[in-house]
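Enquirer: I would like to see how this sequence folds:
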Amino acid sequence: VPELAKGMAKGLREFRKATDDIKREIDNSTTEIRREIDNSSRSFRRDITEIDRNLKKDASEINRNLKKNLTDANQNLKKDAEEITKDLKKDAAEIDKNLKKDAAEIDKNLKKNAEEISKNIKSD
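Expert: I've put the predicted structure just below:
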């Protein structure tokens, strides 16, 4: 019986040692897998953060460019409108001057024609 108890105790120690070795191996394997998952997760978060930062930077730059382009376009439109207004006033003044000149010439011709008609009537 003592030999049997001794053999069983030895078998239980070996079984416990084997069980501990298996547990240690599983812990080591899963620790490495967890570490790889954590590293991948951190890398993924860094990439997402960088993408987010770049998107915000690009959006901000696009916004600045749009504002600048709108401001430039607005200034150009105002400048063009002022130029058109100036040209229209100049053209209107020239048309007015020509109309007055033409009216004076028509008036002069009408008076001349009236005088001729009057002379012709008197001579007849």
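
Enquirer: Can I get stretch 64-73 in PDB? Just the C-alpha atoms.
Expert: Extracted C-alpha coordinates of stretch 64-73, given in PDB (Å, rounded to 0.1, in the frame of the first residue of the first chain):
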ATOM      1  CA  ARG A  64      -9.900  79.200 -46.400                       C
ATOM      2  CA  ASN A  65      -9.400  78.900 -50.100                       C
ATOM      3  CA  LEU A  66     -13.200  79.100 -50.700                       C
ATOM      4  CA  LYS A  67     -13.400  82.200 -48.500                       C
ATOM      5  CA  LYS A  68     -10.400  83.800 -50.300                       C
ATOM      6  CA  ASN A  69     -11.900  82.900 -53.800                       C
ATOM      7  CA  LEU A  70     -15.300  84.300 -52.800                       C
ATOM      8  CA  THR A  71     -13.700  87.500 -51.500                       C
ATOM      9  CA  ASP A  72     -11.600  87.900 -54.700                       C
ATOM     10  CA  ALA A  73     -14.700  87.200 -56.900                       C
END
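
Enquirer: quick one: average confidence on that stretch?
Expert: Taken as a whole, stretch 64-73 has a mean pLDDT of 98.

Enquirer: for the spatially most central residue of the chain, what are its contacts?
Expert: Geometric centre of the chain, nearest residue: I62, 3.3 Å, by C-alpha atoms, centre = their mean. Contact partners of I62, counting by C-beta atoms under 8 Å, 6 or more residues apart in numbering, are absent. For the C-beta atoms, the positions are set from N, CA and C on the backbone; glycine is no exception.
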